[in-house]
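Trainee: Need a 3D model of the following:
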Amino acid sequence: MRENGFSLCLISKSAEETREIGRIIGEQLGAGDILALTGELGSGKTCITQGVARGIQVPDEYGITSPTFTLINEYPGRVMLYHMDMYRLTGPEDLADMGYEDYFYGDGLVVIEWAEKISDILPADNLYVSMRYLDESSREIRIAGDSGKAGKISAALKAGGFC
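Mentor: As a prediction, this is how the structure comes out:
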């Protein structure tokens, strides 16, 4: 995970808390933002994405699931959510045919699970969330990025009772 000026570490004690942290993060994000998620299987990447979706007002009837086999799911909200999963990719060259630049430099919010697999092609001003499995219900969530954007998220998380 690259750190571009700001870093924050939280402990989530449940899937509900992880989704709530994601919702608060999503409320602070908008068109053109990229959220790069890293962490082992079961660390909560899809769970936090579910919260981000609610934070950008993706309607509840959309079940947010990991696009492991389709590579990308699209959801309408305050801004379009492009949810990508790089788990099955061997590296950034696998994205060439997908037209990833249209997503990365477009007018939606891009959330990328397994972002470490394509770290070489990610723009430098992303928000990074690294997740780590602690136990059955607890996860460590590290947020890093540009001090302006990440600082705004930190303030929102603090207002929400997480810092």
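Trainee: low-confidence ranges in this structure?
Mentor: Residues of the chain that meet the criterion pLDDT under 70 lie in 1-4, 91-92, 163.
Trainee: Which residue ranges of it form strands?
Mentor: Ranges of strands in the chain, per DSSP state E, are 5-12, 34-38, 72-75, 81-85, 109-113, 127-133, 139-146.
Trainee: Packing partners of the second one?
Mentor: Identification of packing neighbours for strand 34-38 by 3 or more Cβ pairs under 8 Å, 6 or more residues apart in numbering; DSSP states H and E yields helix 45-55, strand 109-113, strand 127-133. (C-beta placed from N, C-alpha, C; glycine too.)
Trainee: if we can go back for a sec, out of the strands of the chain, which gets nearest to residue 60?
Mentor: For these, the distance to residue 60 is smallest for strand 72-75, at 11.3 Å, taking Cβ to Cβ.
Trainee: same for the closest one, what does it pack against?
Mentor: Counting by 3+ Cβ pairs under 8 Å, 6+ apart, strand 72-75 packs on strand 81-85.
Trainee: check contacts around residue 114.
Mentor: 37-38, 45, 85-87, 89 (Cβ atoms under 8 Å, 6 or more residues apart in numbering).
Trainee: now these as CSV including distance to residue 153 and neighbour count?
Mentor: Formatted as CSV, these follow (distance: Cβ to Cβ, whole Å; neighbours: other Cβ atoms under 10 Å):
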residue, distance to residue 153, neighbour count
37, 14, 29
38, 17, 20
45, 17, 26
85, 22, 25
86, 23, 23
87, 25, 15
89, 27, 16
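Trainee: Which one of the residues you listed is nearest to residue 14?
Mentor: residue 45 (15.8 Å).
Trainee: got the contact list for the closest one?
Mentor: Contacts of residue 45 by Cβ under 8 Å, 6+ apart are 37-39, 66, 113-114, 131.
Trainee: Farthest-apart pair in the residues you listed, please.
Mentor: 38 and 66 (14.2 Å).
Trainee: Check the gap between the nearest residue to residue 26 once chain neighbours are set aside and residue 7 for me.
Mentor: Closest residue in space to residue 26, ignoring its immediate chain neighbours: residue 55 at 2.2 Å, by Cβ to Cβ, 6 or more residues apart in numbering. Counting by Cβ to Cβ, to the nearest Å, the separation of residue 55 from residue 7 is 21 Å.
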